[in-house]
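Asks: coordinates for the following, if possible.
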Amino acid sequence: MGKALILVATLAVLAGCVTPAPFEDPRLIWCRHNEPRRDATPETPRAEIDEINAHNRKGAAWCGWKQ
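Replies: Predicted structure coming up:
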C-alpha cells in the first residue's frame, strides 16, 4: 500500500507540473501566411474564380482584408 501511495503522489506531482503549450489562433497563422489573390484573368476557369473568391472572402472575414 505504501509504494502505491508514493507512486500515486509522484504521478500527481508530475501531472501538476506539466503546463500545456499555449496555442496560437489558427486564423492569425493563416493571415500571416496568405494575402489577397488578384490573379484572375478573363481566361480563368469559373471553378478557379470561385476558389479565388472564397480565399478572399476568408481573408476579409478573418484578417480584415478590404475587397
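
Asks: gap between the nearest residue to W62 once chain neighbours are set aside and A40?
Replies: In space, and not counting its chain neighbours, W62 is closest to R27: 4.5 Å by Cβ to Cβ, 6 or more residues apart in numbering. For every residue, glycine as well, the C-beta is placed using N, CA and C. R27 sits 24 Å away from A40, going by Cβ to Cβ, to the nearest Å.

Asks: ditto for P22
Replies: Distance, P22 to A40, using Cβ to Cβ: 38 Å.

Asks: for G59, same thing?
Replies: On the measure of Cβ to Cβ, G59 and A40 end up 15 Å apart.

Asks: P22 and A40: which is more packed in?
Replies: A side-by-side neighbour count of P22 and A40, using other Cβ atoms under 10 Å, places A40 first with 13 against 5.

Asks: show me which residues of whichever strand or helix holds W62 are buried.
Replies: Assigned by DSSP states H and E, W62 falls within helix 46-63. By 16 or more other Cβ atoms under 10 Å, the buried positions in helix 46-63 come out as 52, 56, 59.

Asks: residues making contact with it?
Replies: If you take Cβ atoms under 8 Å, 6 or more residues apart in numbering as the criterion, helix 46-63 is touched by 27, 30-31, 34-37, 39-40, 44, 65-67.
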